[in-house]
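Trainee: Return a 3D structure for these sequence lines:
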Amino acid sequence: MKWFERLTVTKKLLITFIILSVVFIIEGYMGLKNINQIAQHVDNIYNENLIPLNEFIKLRKDIRDHRLKVFQHIGTSSVKEMEELKKEMEQIDLGIDSHLKNEEVYKLRNKENDYFKSIISNWNTLHESYKKVLSLSDGFSKEDAFRLAMTETQKMQDAIEDNIAKLHLSKEDFAKSSYEESMKVGKQSWITTMLITAVSIIVLFGISFLITGSIKRSINSAVSSLSSTSTEIASTVEQHERTAQSQSASVSETTTTMDELSVSTRRSAEQADAVTVISKQALSTTEDGIKMANQASAGMSNLKQKVGAIGEQILKLSEQTGQIGGIANMVTDIAGQINMLALNAAVEAVRAGESGKGFSVIAQEVRKLADQGKKSAEKVNTIVADIQKATNSAVMVTEAGTKTVEDVAQIAQRAGESFGSLSGIANNVYENAQQVSLNMKQQVAAIKQVTEAMNNINTGAKETAAGISQTKIGIQRLNEAAQELKKMV
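Mentor: Predicted structure coming up:
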């Protein structure tokens, strides 16, 4: 019966209903069948026995009434009364003839047909005899009529009465037999009904026992499972209650932390705004530095050009100084030659004597001038040498200055490039600072929303904790109800 155990209660009850319906249908069918048989027997008793018996009784009564009227006719001497009696006998004769002609009403079987034919034959003979009696009575031969009525007609009357009695007895026997059959069928119907009812009760009791046992086991299993589950749920609910309380405390701490974080974030946003301002100033200063570096680079380029021009002028001056030195050397050579010429002129003047004294003076003066010119040329050479040295130093300094200017120009260019990179960095810093400031503001708004959400969560956690407490109470009541149900089962 494992398949029955696996069925639901609805299906079990449905199967029980179907089985009981089948049993009651069978019981109803058998009952209707037995009732039909009983009805047939009753109908047989009524139509084939009671109605014929009633007709036989009427026939016998009419025959007796006819005989009584005959004797009344014999006994009276009044012609009028005799006529009235004859009319009454004619009406009775019509009734008797009607009874005898309507043979189907009697439902005759076997020997009953012989009895009925004998009645017809005897009645016809008796009727003829009555005519004779009435004829004698009409002729006022009352004694002869009475004698004939008491002898001849009495035998036929007795024969008719006897046949009617035999038919009556036969119909009673058939009626009794039909009654016994109907009683037998009724008894069988009662026995069948009782057996079917007993079987129905046994089946109902068995199915009820199975269903009750199955439901009991199901309820016990469900109650045990419910009790176990409710216990587990209660434990889980207690754990959830502790968790909800812990979550509520954690949410409160988180809310406080979020408030502090909100304050810190607002400060960070303010600092980010300050960084944005400073980054903007740094960007502006860097742009000014780029401009100044570009100006310095341009100035160094101009200075390089000017220093180059100075170097060229110094080179030209050095060349001219060299030329002056050459001229001074030439003057020194000329002064030496003049001095030699003056010396030769003085020698020649001495040789000339008095005529040569003036020429000696001129030669001496020329010699002095030549010495002075030589000295001046030597001084010029010294000065030119000094100028040459200074010029060489100036050229070297100029070259060093040119190199320095080139270095400074490169440094200025690199400074400009550095300021350009710094400008890009400062611009990125400015943009990032703006983005950080915007993010901080958004973060402040988000933290505010999170704080509100955490407050809502905190409220919800408290409500959840309260709901879990109510659920815990409900589970305890459910567990108690399950235990009560288990005790009831």
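
Trainee: can you map out the helices along the stretch 1-150 of the chain?
Mentor: 2-6, 9-45, 51-75, 79-101, 111-138, 142-352 (DSSP state H, counting those that start in this stretch).

Trainee: Rebuild those helices as JSON lines, extending it with mean pLDDT.
Mentor: Conversion of the helices of the stretch 1-150 of the chain to JSON lines gives the following (pLDDT from 0 to 100):
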{"stretch": "helix 2-6", "mean pLDDT": "70"}
{"stretch": "helix 9-45", "mean pLDDT": "73"}
{"stretch": "helix 51-75", "mean pLDDT": "86"}
{"stretch": "helix 79-101", "mean pLDDT": "89"}
{"stretch": "helix 111-138", "mean pLDDT": "86"}
{"stretch": "helix 142-352", "mean pLDDT": "75"}
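
Trainee: Would you format those helices as CSV with mean neighbour count and distance to A446 included?
Mentor: Glycine gets a C-beta too; all of them are placed from N, C-alpha and C. Listed next are the helices of the stretch 1-150 of the chain as CSV, based on neighbours: other C-beta atoms under 10 Å; distance: least, C-beta to C-beta, whole Å:
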stretch, mean neighbour count, distance to A446
helix 2-6, 9, 57
helix 9-45, 14, 56
helix 51-75, 18, 110
helix 79-101, 15, 121
helix 111-138, 18, 119
helix 142-352, 16, 9
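
Trainee: Present these as a markdown table; the columns should include distance to R367.
Mentor: Putting those into a markdown table (distance: least, C-beta to C-beta, whole Å) gives the following:
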| stretch | distance to R367 |
| --- | --- |
| helix 2-6 | 160 |
| helix 9-45 | 163 |
| helix 51-75 | 217 |
| helix 79-101 | 227 |
| helix 111-138 | 224 |
| helix 142-352 | 4 |
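
Trainee: residues contacting T151?
Mentor: Taking C-beta atoms under 8 Å, 6 or more residues apart in numbering, we find T151 in contact with no residue.

Trainee: what's the answer for I164, then?
Mentor: F56, L59, R60, I63, I119.

Trainee: Tell me if I'm right that the third one and E161 touch.
Mentor: Yes. Contact between R60 and E161 holds when scored by C-beta atoms under 8 Å: they sit 6.8 Å apart.

Trainee: coming back round to it: for the contacts of I164, which one is nearest T76?
Mentor: T76 has its nearest neighbour among these in I63, at 20.7 Å by C-beta to C-beta.

Trainee: Could you pull up the contacting residues of that closest one?
Mentor: I63 sits next to I96, W123, L126, Q157, I160, E161, I164 when contact means C-beta under 8 Å, 6+ apart.

Trainee: For F140, give me its contacts.
Mentor: S77.

Trainee: Let me know whether K171 touches N54 as I believe.
Mentor: No. With contact defined as C-beta under 8 Å, K171 does not reach N54; the gap is 9.8 Å.

Trainee: I'd like the distance between A198 and K155.
Mentor: In this view, A198 and K155 are 62 Å apart by C-beta to C-beta, to the nearest Å.

Trainee: okay, which residue of the chain is out on the far edge from center?
Mentor: When each C-alpha in the chain is compared with the mean C-alpha position (C-alpha atoms, centre = their mean), E354 comes out farthest, at 155.9 Å.

Trainee: Is it part of a helix or strand, or is it coil?
Mentor: Classification of E354 using DSSP: H, G, I helix; E, B strand; the rest coil returns coil.

Trainee: domain ranges for the chain?
Mentor: Here the domain parsing of the chain from automatic domain parsing is 2-214, 255-458.

Trainee: helix or strand for I425, which one?
Mentor: According to DSSP states H and E, I425 maps onto helix 357-488.

Trainee: Please state the offset of that helix from the chain centre?
Mentor: 61 Å (C-alpha atoms, centre = their mean, to the nearest Å).

Trainee: before we move on, what about stretch 256-263?
Mentor: Remark: stretch 256-263 is offset 39 Å from the chain centroid, using C-alpha atoms, centre = their mean.

Trainee: do the same with stretch 195-211
Mentor: 46 Å.

Trainee: Stretch 315-330 too?
Mentor: Distance, centroid of stretch 315-330 to centroid of chain: 112 Å (C-alpha atoms, centre = their mean).

Trainee: cool, stretch 320-331 as well?
Mentor: Its chain's C-alpha centre and that of stretch 320-331 lie 116 Å apart, by C-alpha atoms, centre = their mean.

Trainee: and the angle for the helix holding I425 with helix 142-352?
Mentor: Put simply, helix 357-488 runs at 170 degrees to helix 142-352, going by axes from the mean of the first three to the mean of the last three C-alpha atoms, to 10 degrees.

Trainee: Would you mind checking the average pLDDT for helix 357-488?
Mentor: Taken as a whole, helix 357-488 has a mean pLDDT of 73.

Trainee: just checking, what packs against it?
Mentor: If contacts are counted by 3 or more C-beta pairs under 8 Å, 6 or more residues apart in numbering; DSSP states H and E, helix 357-488 sits against helix 142-352.

Trainee: could you dump the contacts of I63 to CSV with distance to E348?
Mentor: Listed next are those as CSV, based on distance: C-beta to C-beta, whole Å:
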residue, distance to E348
I96, 242
W123, 245
L126, 250
Q157, 251
I160, 246
E161, 246
I164, 240
